[in-house]
Every structure is written in structure tokens, then in C-alpha cells.
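Asks: model this:
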Amino acid sequence: MVRPRWIQRPCGPCAHVPRMLLTGMLVASLASCGPDAARQEAAIRHQADTRVPPGLPGEPAEREADRGLLTPEQIRDIRRAVESAGGTIQCDAEGQPRIVDLAVGRGSADSTAIRAAVSCRRLVVLRLRAEKLTREELSAIRSLGTLEELMLHDAAIDDDLLAELSGSLTRLKRLTLRNTPNVTDRGAASLAQARQLTHLALIELRVTGESLRALASLPSLVSLDVRMCSGIRGSDLALLRDAPNLGELKLGGYAIDDAAVRVVADLPHLQELVVEDGAISSVGLADLAASTEFAGRVRSLHFARCAGLTDDALALVSAFPNLRELSLRDIPTVGTFLDKLPKPGRLELLALSRTFLTEDAFASIAAFTYLKRLELARVPLTRQSLEHVSRLAHLEYLDVSECGLNDQALQPLAALDKLKRVILDGNPEISAQVLERWTGKQHP
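Replies: Numbering: from 1, shown residues only. Predicted coordinates for the structure are as follows:
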């Protein structure tokens, strides 16, 4: 029997290297691949100390192959292929690739990267921006039987391939398709066979209400995202009333108007609502608030780029007594509606990025004493603004990126003992020393 390459007798410069040193080299090569270096080192040393004579059944390489393990050399090549395409890779405690993300930043999968990804037999998460890939290359994803999350952006996937994937990936719980123009209602309907799906996103697709009819039958579905699907009308949302566990719904586009959100108020299990680029106003928000059952159940409201939601309309948020999260992004509010909300209320997350808050609004924000997360990106702030923020004793996360801050303005935040993370990007007047103190990173 020919020995596996990694246990053949070394030659050349390595011929006289002690076995323990070689083991240390293997450990070093894997250390960057997983968070638990100690467990990796122990596992590799155990393999080195328990090798059987060559040629006998049960050699380590055979046992690793049976378990779907990749060698350090294979992992190195996979990492190189993924990172060359702008992606990232994360490994488990045994050093095996668990997450491959080829959609992060400007990353985009190429032929070499997708071959590397599908060679990871223990892969749990795969995210692809895939405009360079053919249908045939994408079909290889069917072999990833351990996959639990799949994201395909700009991919050449069609109805037939989607049906094949949903039938083959029996562990898949999360699926995101974005801008995949060859997927229609027929492909979306095939997802009804994926009974284990919990989170489904169909963004910028050419689907209609017929897709919602099929998806409503999924027993485990808790989150549905159909933003920017222009073929879905507001009245089609009534087809989701029979969805047994749908707790989160994400909507977007001008078809989402006051009439549409009136239908949403009748969905029996909904607790989280996201609306982006919608044509809703105080009329629609009043309809949501008027349904006492819906208003009492809702824990999270997120609105972005909805020009009709002024301060007068947002005052209706006071009718949601159990609200934990309120997110408003690119909304024309100056913050006077905050005075109308119950204090301290139950809010743990408040996001007001890209709004027009006046200085008076920050006194109201400080009264939400249970806040753990506050997002104020692109809102002009002063030291006085942050003095109000410093009264939020439970605050753990603060985003004040691009807020025109300097070192002096940040000083009040020192009083926040529980603050774990501060986002300070885009504030050029903050010194490198202060940035390092708050972020724990070196800055030029």
C-alpha cells in the first residue's frame, strides 16, 4: 500500500526533523483556522502518538477520510482559493472549514473558489456572490449534505436547480436568494418540500403572491423576507395568515402602502415587522396600532426610507406596549415623537441613524433606561448629546459613526461601565490614541 502523502517518510531538509517538531509545524499551520488552538494541538498530538504501522487497516489518513476530515495541506489550498476571491473562511475546533463566505465585502466566487468550497464536506454555512459562476458549477452545491445556511446573490440559479437544491440539502434551515432573475413562482413553490426551513429570504425576485401561498405551508418557517419583490401586492400578504409560526416579516417597495400594512395587522403570529422604501404614512401606522392584539404582540419595528413617517405619525408607536426594538433609518424625524413614548418603556434597542434629531431629542433618549443598544450613525452630535447618552447605565453597544465627533465630545462616555463596543468610523477629528482606547485597534 502507498502511504498517504502526509505520513510518508520525509525527505530533503525535513528528513532529520524529529516527529514532535513536525507535529508542532502541523499545529502552527492550523492555528489560524479555528478558535480553539488547544483542542487542535491535542488532537494532532494524539494522532501522532497513536499511529499504526503503515499498510495496516485503520491508518490515520483512512480514518480521517471516513470522518470527512481534510488534511492541513488541503485546508491551506482551500483557504488560498477562497481568500484570492475576496472571501473568508472559518473553521471548527478540529480545524475543519465550517463557514465559507464569498459574498463579504467585494468578494465574488470564481470557479476555483466554488470548487474549494464544495470540497469542504463539513461545511455548515455557504454564502456566494456568484455572477461569475455557471449553472453547472452551482449545481455542485447539492453535494454539501451538512449545509444549514445558503446565500446566493446574483446567481445563475433557475427553478429546476432550486428544486434540486431544496430536495438535496435536507439540513438546510436558512436560505437567501437575492437578484436571481431566473427563479420564478415555480421555483419558489418547490421550497415547500424543504420542511426544515426556518428563515427564507427572496429579495429582488420575479415572484408573485402564488409563492406566498406555497410558502405558507412550511411548518418551521419563522422569518420571511420578500423585500423588493415587485410582483407581490399588498393584498397578497393575506395568503400568509395560515403560516403556523411566522413571527418575522420583511417587506419593501412602493407596493407596501397603508393598505398593505392593514393586512399585516391580521397575521396571527407576527412579532417583528420590517418595512423598507414603503409608501406608508400615519394612516397605515394607525391601523397597526388600532389592532390591540397585534400591537400587544409586536416586539420589533424597523422602518427605513419611508418618507411618510413623520414625527406625528411615529407618535403612534406609543400604542405598542411591549416593544423591545425600534429602528428608524433615513426617516424624516427630528425626535419629538420620543416624548410621546412611555418612559422608561421596554426598549432595549433604539436605532435612529440618518435622521434629523435636534439636541432636545437626547434628553428623551436618556429616559429609556433599559437601552442596551443605541445607533446614531450620521446624526450630528455634540458633547452635550453624549452627556445625555452617558446616563444609559445598561448600554452595551453604541454606533456614533460619521457624527462629527472629537476627543472632547467622547469624554462623557467614560461613565458607561457596561459599554462593550463603540463604532467610531468616519470621525476624522478623533485622535488615534482615543480611537485605540475605545476600539482596541491600532489606527494610523
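Asks: Mind jotting down where the strands sit in the stretch 301-444 of the chain?
Replies: 325-329, 349-351, 373-375, 397-399, 421-423 (DSSP state E, counting those that start in this stretch).
Asks: distance between the last one and the chain's centre?
Replies: If you compare the mean C-alpha spot of strand 421-423 with that of the full chain, they lie 18 Å apart, counting by Cα atoms, centre = their mean, to the nearest Å.
Asks: May I see the buried residues of that strand?
Replies: Burial within strand 421-423, assessed by neighbour count using 16 or more other Cβ atoms under 10 Å, is assigned to 422-423. To be clear about C-beta, it is placed using only N, CA and C from the backbone, and glycine gets the same treatment.
Asks: do the fourth one as well
Replies: Buried positions in strand 397-399, judged by neighbour count with 16+ other Cβ under 10 Å: 397-399.
Asks: can I get the residues you listed in CSV with distance to D407 and pLDDT?
Replies: As requested, those are arranged in CSV below (distance: Cβ to Cβ, whole Å; pLDDT from 0 to 100):
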residue, distance to D407, pLDDT
Y397, 21, 97
L398, 16, 97
D399, 18, 97
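Asks: Among those residues, which one lies nearest to G252?
Replies: For the buried residues of strand 397-399, the minimum distance to G252 (Cβ to Cβ) is 22.1 Å, reached by D399.
Asks: Is the closest one bridged to anything, and to what?
Replies: Beta-bridge partners of D399, counted by DSSP bridges, are E375, I423.
Asks: ok, now how distant is it from T336?
Replies: Computed as Cβ to Cβ, to the nearest Å, the D399 to T336 distance reads 22 Å.
Asks: just H302 next, same as before
Replies: For H302, the distance to T336 equals 20 Å [Cβ to Cβ].
Asks: cool, T134 as well?
Replies: Going from T134 to T336 by Cβ to Cβ gives 55 Å.
Asks: who's more crowded, those two?
Replies: T336 (17 against 11; other Cβ atoms under 10 Å).
Asks: In contact with the more buried one, which residues?
Replies: Contacts for T336 (Cβ atoms under 8 Å, 6 or more residues apart in numbering) come out as 311, 360-361.
Asks: follow-up on the earlier one: and which of the buried residues of strand 397-399 is nearest to G253?
Replies: The closest of the buried residues of strand 397-399, once distances to G253 are taken by Cβ to Cβ, is D399, at 26.4 Å.
Asks: right, and the closest one touches I423 too?
Replies: Yes - with the criterion set as Cβ atoms under 8 Å, D399 and I423 qualify as a contacting pair; they are 4.2 Å apart.
Asks: out of the buried residues of strand 397-399, who's nearest G234?
Replies: Minimum distance to G234 across these is 32.2 Å, recorded for D399 (Cβ to Cβ).
Asks: Number of residues surrounding the residue lying closest to L357 once chain neighbours are set aside?
Replies: Leaving aside its chain neighbours, L357 sits nearest to G335 (4.3 Å; criterion: Cβ to Cβ, 6 or more residues apart in numbering). Close neighbours of G335, defined as other Cβ under 10 Å, add up to 22.
Asks: Run a quick check on G335 versus A363, I expect a contact.
Replies: No - under the criterion of Cβ under 8 Å, G335 makes no contact with A363, lying 9.7 Å away.
Asks: Look up phi and psi at the nearest residue to E131 once chain neighbours are set aside.
Replies: Closest residue to E131 in three dimensions, ignoring its sequence neighbours and counting by Cβ to Cβ, 6+ apart: D154, at 4.2 Å. Listed backbone geometry of D154 is phi 60, psi 50, with angles given as degrees, to the nearest 10.
Asks: Near D154, how many other residues are there?
Replies: Using other Cβ under 10 Å as the criterion, the residues surrounding D154 number 18.
Asks: A helix includes L152, no?
Replies: No - assessed by DSSP: H, G, I helix; E, B strand; the rest coil, L152 does not belong to a helix; its assignment is strand.
Asks: Quick one: end-to-end distance for stretch 408-423.
Replies: Between the opening and closing residues of stretch 408-423 there is a gap of 16 Å (Cα to Cα, to the nearest Å).
Asks: show me where pLDDT drops low in the stretch 1-150 of the chain?
Replies: With pLDDT under 70 as the threshold, the stretch 1-150 of the chain has low-confidence stretches at 1-68.
Asks: Run through the helices of it in chain order.
Replies: According to DSSP state H, counting those that start in this stretch, the stretch 1-150 of the chain carries its helices in the segments 19-30, 37-49, 60-66, 72-84, 111-118, 135-139.
Asks: For the last one, C-alpha coordinates in CSV please.
Replies: The C-alpha trace of helix 135-139 is given here as CSV (Å, rounded to 0.1, in the frame of the first residue of the first chain):
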residue,chain,number,x,y,z
ARG,A,135,-25.4,26.8,-13.5
GLU,A,136,-23.3,23.6,-13.7
GLU,A,137,-20.8,25.0,-11.2
LEU,A,138,-23.6,26.0,-8.8
SER,A,139,-25.2,22.5,-9.1
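Asks: Can you name every helix or strand that that helix contacts?
Replies: Helix 135-139 makes packing contacts with helix 111-118, helix 159-168 when contacts are defined by 3 or more Cβ pairs under 8 Å, 6 or more residues apart in numbering; DSSP states H and E.
Asks: Name the nearest residue to Q96, sequence neighbours excluded.
Replies: Spatial nearest neighbour of Q96, excluding adjacent residues (Cβ to Cβ, 6+ apart): R122 at 4.8 Å.
Asks: For the one you found, give me its contacts.
Replies: Counting by Cβ under 8 Å, 6+ apart, R122 makes contact with 68-69, 92, 96-98, 146.
Asks: Quick one: residues contacting the residue nearest to V82 when sequence neighbours are not counted.
Replies: Among residues not flanking V82 along the chain, I89 sits closest, at 4.9 Å (Cβ to Cβ, 6+ apart). When the contact criterion is Cβ under 8 Å, 6+ apart, the partners of I89 are 33, 78-79, 82-83, 97, 99-101.
Asks: The same query, at a cut-off of 6 Å, please.
Replies: Residues near I89 by Cβ atoms under 6 Å, 6 or more residues apart in numbering: 79, 82, 97, 100.
Asks: Now distance to D236 and neighbour count too, for those, in a markdown table please.
Replies: As requested, the contacts of I89 are arranged in a markdown table below (distance: Cβ to Cβ, whole Å; neighbours: other Cβ atoms under 10 Å):
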| residue | distance to D236 | neighbour count |
| --- | --- | --- |
| R79 | 44 | 19 |
| V82 | 39 | 24 |
| P97 | 40 | 27 |
| V100 | 35 | 28 |
